[in-house]
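Peer 1: Pasting the sequence and the predicted model now:
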Amino acid sequence: MNTDAHTQAFLDAASAGLTGDPEVRREVRAELASHLDAAARVAQAAGFAGDQAAAQALQAMGPAADIAVELVAANRSRLAWRARARLAVQALLAPAAIILALASVIQTLVGEGGQWLPLDMITGVEADSEIKMLKPLGHLLPSRSRPRRLTAAQQLIFSGDKARRGAAARERAIWEAHPTNMVYLNNYLTVAMANLRAFGNSPQAQRVAIEPELALAAEAEPDNARFQYLRAGLLFKESADITVTAPAASNGVAGLALAISNAPMFDRAMQEFLAGAQKPYYRRYAPDMLRERLAMLGEPQTLSGQLYRFSMAAGVLVPDLADARNLGRAACLEAERAAAGHRPDDARALLEGCWKLAVDVHRDAFCLVDVLMGSAIIGIYSNLAPAIYERLGDPAAAAAARRKAALVSRPVAEWKAQRQARVNTPQFRKNEKILANHGSMLAGILNLNFGESLSANDLRPGRLLEYIIAERVVLEVILLTLLAVLAATLAIALRWRLARGGAAAPLLLLPDAGTALRIALAGVILPLAGYYIYTRWLAMGGREFSAIFISPKLILQAVTMVSLVIGLTGFLSADAVRQRCRRLDIAAPPSRLRRPVRIVYVEMMVFAIMGCLLPSEWLAAGNHNVWGQVAITLTRTVAGLLAGLLLAAGLGAVWRHWRGLPDYGLYYGTVARSLAPNLALAIILLSLAGRPFLGREEQDLVRADGITATLQSGGFTPAESRLVQRLKAETLVAIQEVESGNSAGHRISAESSGE
């Protein structure tokens with residue numbers, strides 16, 4: 001291009017009317033310069049010297065002012081729509097991309113205002129051997145916040161009065177708002193008994209504070225034994241203690257020792273206990289409160305919503321059970337003292353009270369810990385009552401005690417024996433393998449191996465839910481990375497704008513429709529479509545296995561997807577901007593690393609895609625054969641190298657554009673500023689296409705998940721619910737047989753005699 005002063009002045013004057021759009025001005029200026037060069041070459045061919053040829057070309061072109069008017073007229077509509085497009089890019093596209101990306105990330109991190117709930121499945125119950133198995137969850141279930149669209153009255157029932165300090169005070173507000181509702185009253189007492197320290201630092205202060213509440217409850221529901229049992233438990237804590245010694249090797253029965261520190265108060269505790277045993281029924285209303293609160297939540301739509309409902313069910317407080325077991329122990333031990341002290345009537349009343357307590361716990365049972373605790377109290381009765389009746393000189397009563405304890409404890413005892421025997425059965429081992437290879441993490445935590453037949457298809461919804469969560473994390477990684485690159489480009493553009501001072505500022509080069517479509521297709525749409533086909537339609541995607549089981553392959557898939565979207569979007573966008581800068585005569589620095597980086601990137605992507613196509617069994621975390629270990633090692637190496645390459649290339653590009661030579665400042669700033677629209681468009685496409693799609697899939701899978709679904713009563717999973725209902729029903733039938741005086745007890749006696 002001719003660079004003499006006259007030519008440059010002509011070009012400046014001819015394009016002066018296009019200063020409002022620097023990109024169009026440079027484009028038109030380059031086109032005019034090209035025409036001048038062509039005209040100068042024609043003049044040179046006609047015999048004119050260099051300067052004369054340039055002058056002839058300028059003369060042939062005509063006055064610069066006339067050309068300027070024509071150019072403005074010819075580009076008026078183009079300038080208008082480009083001005084609107086630039087405004088949209090600057091004021092709408094980039095801000096929209098930032099808002100969508102941040103909103104998506106924040107929603108993933110915290111849900112809808114979510115929180116971490118530290119919950120213990122069995123509050124207030126000591127970890128005896130028979131109930132240790134009931135703590136499968138541990139702590140910290142991720143959850144979403146409580147529903148937002150509740151009326152004030154519903155919000156009170158769901159959460160209590162948040163303005164009050166302390167869990168018991170918050171729950172008391174519900175009862176105060178509905179003083180005749182026994183569900184809310186008993187819910188308040190449940191929370192209060194689990195938080196006795198809020199009522200005082202000593203057992204006496206706690207009892208004095210809570211006794212008026214128990215009196216009100218007993219007055220409101222006089223037939224419910226619960227309030228006498230709770231008061232008896234408080235008196236017992238203040239007056240006595242029970243020491244449990246290790247089981248004897250001969251019979252496996254733990255030794256119990258009663259230490260009374262306040263005899264009159266202990267006697268009052270036993271009187272309250274016996275008064276409770278005379279009541280028609282015992283009811284805590286815990287499942288009623290749980291059902292009401294779960295109904296407010298409605299059906300879960302997301303995995304976090306499902307976990308929140310599960311955490312509510314698993315977090316139901318059962319502080320009564322610790323007191324009930326201690327009362328059963330104390331009653332039998334006191335009956336032993338009464339028999340030794342020649343008080344047979346007191347001894348019989350206490351033993352029958354212990355039996356009635358076990359029956360009450362069974363009848364009010366709604367979860368497995370209730371059933372096991374009722375069985376434990378029957379075990380206490382079975383271990384102590386026959387010997388006490390023998391001491392009282394009543395062998396018939398001793399035999400009857402053995403018979404009814406054996407009959408009522410049989411369902412739980414047989415289940416425990418079957419469970420123990422099942423560990424060594426082929427079906428149990430098969431279920432364990434199915435859970436490990438095909439079950440979700442939640443399925444493993446819930447210990448779903450109750451002996452029933454399991455299949456990979458049963459576990460499919462829960463397993464795929466974990467993949468949805470993993471894909472959402474990958475999506476957020478891509479969005480955050482693109483957002484970071486977008487922020488870096490804007491910072492670089494601003495840096496060169498300030499550094500160049502009054503010189504030409506970096507340009508915002510708008511991509512044409514074809515370029516934008518090509519980048520969107522190759523960088524976002526095609527990788528997403530390919531990933532969808534690979535993971536949803538092809539068996540090699542590995543979705544028939546759990547995410548944990550094929551974690552090496554899952555990691556490679558994630559790195560490959562991130563590298564495809566970020567790499568292709570970045571490289572294609574950068575190439576489009578560089579080519580545009582070249583056409584606009586914006587001087588660019590030489591690049592020696594661009595081609596080698598592209599070659600290595602393509603090679604690594606080929607290796608990564610080939611790794612994703614390997615059989616899933618090869619890349620299973622538990623694969624210990626030689627080929628499996630080699631495949632896993634290569635997979636991890638490729639994933640690490642690919643991630644490292646992408647990170648190094650990105651950081652290197654940012655560094656070069658930030659610290660480049662000032663002579664190329666216009667180029668660096670223009671490239672950085674012009675990458676922003678392409679990156680913003682990719683972010684918007686990913687946000688609008690990826691997250692809604694994953695949300696719909698998650699919702700469908702949550703609805704289809706019948707293996708880890710939360711139930712409103714009877715248990716926390718379908719398998720556990722079925723077990724609880726069966727054990728409870730069988731135990732209640734046995735209790736009915738005992739109470740009706742049928743031949744069941746005689747049958748057991750005959751069987752025992754036969755043995």
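Peer 2: Nice, I can see it. Numbers count the residues shown, from 1 in each chain.
Peer 1: Show me the shaky parts of the stretch 151-300 of the chain.
Peer 2: Residue ranges of the stretch 151-300 of the chain with pLDDT under 70: 246-254.
Peer 1: And the helices in it?
Peer 2: 152-159, 167-177, 182-194, 203-220, 226-239, 263-277, 286-297 (DSSP state H, counting those that start in this stretch).
Peer 1: and the gap between the residue sitting furthest away from the middle of the chain and residue 60?
Peer 2: Here the centre of the chain is the reference, and by CA atoms, centre = their mean the most remote residue is residue 47, at 80.9 Å. From residue 47 across to residue 60, the span is 15 Å (CB to CB, to the nearest Å). Backbone N, C-alpha and C define where each C-beta goes, glycine included.
Peer 1: sorry, back to before: which residues touch the residue farthest from the centre of the chain?
Peer 2: Contacts for residue 47 (CB atoms under 8 Å, 6 or more residues apart in numbering) come out as none.
Peer 1: Show the pLDDT at it.
Peer 2: What the model reports as pLDDT for residue 47 is 75.
Peer 1: So it versus residue 40, what's the distance?
Peer 2: On the measure of CB to CB, residue 47 and residue 40 end up 13 Å apart.
Peer 1: Confidence-wise, which helix or strand of this structure is lowest on average?
Peer 2: Here the helix or strand of the chain ranked lowest by mean pLDDT, DSSP states H and E is strand 115-117, holding a mean of 36.
Peer 1: With adjacent residues omitted, what lies nearest to residue 85?
Peer 2: Using CB to CB, 6 or more residues apart in numbering and skipping the chain neighbours, the partner closest in space to residue 85 is residue 510 (5.6 Å).
Peer 1: again but with residue 500, I slipped
Peer 2: Closest to residue 500 by CB to CB, 6+ apart is residue 665, at 5.3 Å.
Peer 1: pLDDT on stretch 476-485, on average?
Peer 2: 93.
Peer 1: Identify each buried residue in it, please.
Peer 2: Neighbour counts over stretch 476-485 (16 or more other CB atoms under 10 Å) mark 476, 477, 478, 479, 481, 482, 483, 485 as buried.
Peer 1: Same question for stretch 219-231.
Peer 2: Judged by neighbour count (16+ other CB under 10 Å), stretch 219-231 contains these buried residues: 221, 224, 225, 226, 227, 228, 229, 230, 231.
Peer 1: Check stretch 212-219 too.
Peer 2: Across stretch 212-219, burial judged by 16+ other CB under 10 Å covers 213, 214, 217, 218.
Peer 1: Mind listing residues that contact that stretch?
Peer 2: The contact list for stretch 212-219, computed with CB under 8 Å, 6+ apart, reads 185, 186, 188, 189, 192, 224, 226, 227, 228, 230, 231.
Peer 1: is it true that the residue nearest to residue 85 lies in a helix?
Peer 2: No: counting by DSSP: H, G, I helix; E, B strand; the rest coil, residue 510 is located in no helix; its state is coil.
Peer 1: any idea how far residue 577 is from it?
Peer 2: 11 Å.
Peer 1: Equivalent analysis for residue 461, please.
Peer 2: Counting by CB to CB, the gap from residue 461 to residue 577 is 45 Å.
Peer 1: got it, and residue 551?
Peer 2: From residue 551 to residue 577 the distance is 38 Å (CB to CB).
Peer 1: Neighbour count: these two, which is higher?
Peer 2: Between residue 551 and residue 577, residue 577 has the larger neighbour count (other CB atoms under 10 Å), namely 24 against 16.
Peer 1: what's near enough to touch the more buried one?
Peer 2: Applying CB under 8 Å, 6+ apart to residue 577 gives the contacts 509, 670, 671, 674, 675, 678.
Peer 1: Would you agree the fifth one is in contact with residue 573?
Peer 2: Right, the one you point to is residue 675. Yes: the pair residue 675 / residue 573 is scored as a contact, 5.3 Å apart, by CB atoms under 8 Å.
Peer 1: which residues are common contacts for those two?
Peer 2: Joint contacts of residue 675 and residue 573 (CB under 8 Å, 6+ apart) do not exist.
Peer 1: sorry, back to before: list just the one of the helices of the stretch 151-300 of the chain that sits closest to residue 26.
Peer 2: Among those, the nearest to residue 26 by CB to CB is helix 286-297 (60.3 Å).
Peer 1: Would you mind pulling up the elements that the helix or strand following the closest one packs against?
Peer 2: Toward the C-terminus, helix 286-297 is succeeded by helix 303-314 as the next helix or strand (DSSP states H and E). Contacts defined by 3 or more CB pairs under 8 Å, 6 or more residues apart in numbering; DSSP states H and E place helix 303-314 against strand 141-143, helix 286-297, helix 460-499, helix 665-704.
Peer 1: Check the offset of helix 303-314 from the chain's centre.
Peer 2: From the chain centre to the centre of helix 303-314 is a distance of 10 Å (CA atoms, centre = their mean, to the nearest Å).
Peer 1: and the next element down the chain from that helix?
Peer 2: Next helix or strand after helix 303-314 toward the C-terminus (DSSP H and E): helix 320-340.
Peer 1: need the next SSE after that following helix, C-terminal direction.
Peer 2: helix 344-363.
Peer 1: so after that next one, what's the next helix or strand?
Peer 2: Counting by DSSP H and E, what follows helix 344-363 is helix 368-391.
Peer 1: so which of the contacts of stretch 212-219 would you say is closest to residue 268?
Peer 2: Nearest to residue 268 among the contacts of stretch 212-219 is residue 231, at 9.0 Å by CB to CB.
Peer 1: Let me have the buried residues of stretch 212-219 in a markdown table, adding distance to residue 359 as columns.
Peer 2: What follows is those, written out as a markdown table (distance: CB to CB, whole Å):
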| residue | distance to residue 359 |
| --- | --- |
| 213 | 26 |
| 214 | 22 |
| 217 | 21 |
| 218 | 20 |
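Peer 1: which one of the residues you listed sits closest to residue 300?
Peer 2: Using CB to CB, residue 217 comes nearest to residue 300 of these, at 33.6 Å.
Peer 1: what residues are shared contacts of residue 510 and residue 577?
Peer 2: By CB under 8 Å, 6+ apart, the residues touching both residue 510 and residue 577 are residue 674.
Peer 1: Any chance of the buried residues of stretch 476-485 in JSON lines with distance to residue 77 as columns?
Peer 2: Below are these laid out as JSON lines (distance: CB to CB, whole Å):
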{"residue": "476", "distance to residue 77": "42"}
{"residue": "477", "distance to residue 77": "43"}
{"residue": "478", "distance to residue 77": "38"}
{"residue": "479", "distance to residue 77": "36"}
{"residue": "481", "distance to residue 77": "38"}
{"residue": "482", "distance to residue 77": "33"}
{"residue": "483", "distance to residue 77": "35"}
{"residue": "485", "distance to residue 77": "34"}
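Peer 1: of those residues, closest to residue 100?
Peer 2: residue 479 (8.1 Å).
Peer 1: For the closest one, which non-adjacent residue is spatially closest?
Peer 2: Residue 479's closest residue in space is residue 101 (CB to CB, 6+ apart), at 4.4 Å.
Peer 1: And that neighbour, what's its pLDDT?
Peer 2: Note on residue 101: pLDDT of 88.
Peer 1: count of neighbours near it?
Peer 2: Neighbours around residue 101, by other CB under 10 Å: 24.
Peer 1: Please verify my assumption that it contacts residue 683.
Peer 2: Yes: taking CB under 8 Å as the definition, residue 101 is a contact partner of residue 683 at 5.1 Å.
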